[in-house]
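A.B. asks: Here is a sequence with its predicted model. Questions after.
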Amino acid sequence: MVVKENAKDGDSVSIKAYNGSDPIVVIPEQIDGKDVISIINGPFSNDSLKYVDLGYNLKEFDNAYFSDTLEVIHLPAGVENLDKVVFFGEDTLTIVGKAGSFAETFAKEEGIKFEAE
């Protein structure tokens, strides 16, 4: 993963690229002692991902695109907006998250299967 230090406060980082080929990706809650709070520039759009766990600190996405091979994504309870997020292959995708969270509301609005954690 390629990370970018968040210029806002220096205490957090954003993931801006993923250069691996693993079908399972788990986003760490921290990198070098700094909270991972966002994903930017669609780092997961060209990988053959099956499962992505976004941890628990992630709060925002900026132009995040996920490939049509993605089957399961864990969205943390802190995520409150997915306007710029595109999931390809929504028919086979399951969103896992906290019951009653934004993740559940988003899944229902988009017709994506939801599973409570």
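C.D. replies: Nice, thanks for sending it over. Numbers count the residues shown, from 1 in each chain.
A.B. asks: And stretch 72-91, end to end?
C.D. replies: 11 Å (Cα to Cα, to the nearest Å).
A.B. asks: in that stretch, what's buried?
C.D. replies: 72-79, 82, 85, 87 (16 or more other Cβ atoms under 10 Å). (Each C-beta comes from the backbone N, C-alpha and C, glycine too.)
A.B. asks: so who does D32 touch?
C.D. replies: V13 (Cβ atoms under 8 Å, 6 or more residues apart in numbering).
A.B. asks: any idea how far T105 is from I95?
C.D. replies: Going from T105 to I95 by Cβ to Cβ, to the nearest Å gives 10 Å.
A.B. asks: same deal with K34?
C.D. replies: For K34 relative to I95 (Cβ to Cβ), the value is 26 Å.
A.B. asks: Same check on N41?
C.D. replies: 21 Å.
A.B. asks: before we move on, back to that, neighbour count winner among T105 and I95?
C.D. replies: I95 (22 against 14; other Cβ atoms under 10 Å).
A.B. asks: The helix or strand encompassing that one - contacts with which helices or strands?
C.D. replies: According to DSSP states H and E, I95 maps onto strand 94-97. Strand 94-97 makes packing contacts with strand 72-74, helix 102-110, strand 113-116 when contacts are defined by 3 or more Cβ pairs under 8 Å, 6 or more residues apart in numbering; DSSP states H and E.
A.B. asks: So what touches that strand?
C.D. replies: By Cβ under 8 Å, 6+ apart, the list of residues contacting strand 94-97 reads 71-77, 103-104, 106-107, 112-117.
A.B. asks: Next, count neighbours for I31.
C.D. replies: Using other Cβ under 10 Å: I31 sits among 16 other residues.
A.B. asks: Cross-check the contact I'm expecting between it and V13.
C.D. replies: Yes: using Cβ atoms under 8 Å, I31 is in contact with V13, at 5.3 Å.
A.B. asks: one step back: so which of the helices and strands packed on strand 94-97 is nearest G55?
C.D. replies: strand 72-74 (8.0 Å; Cβ to Cβ).
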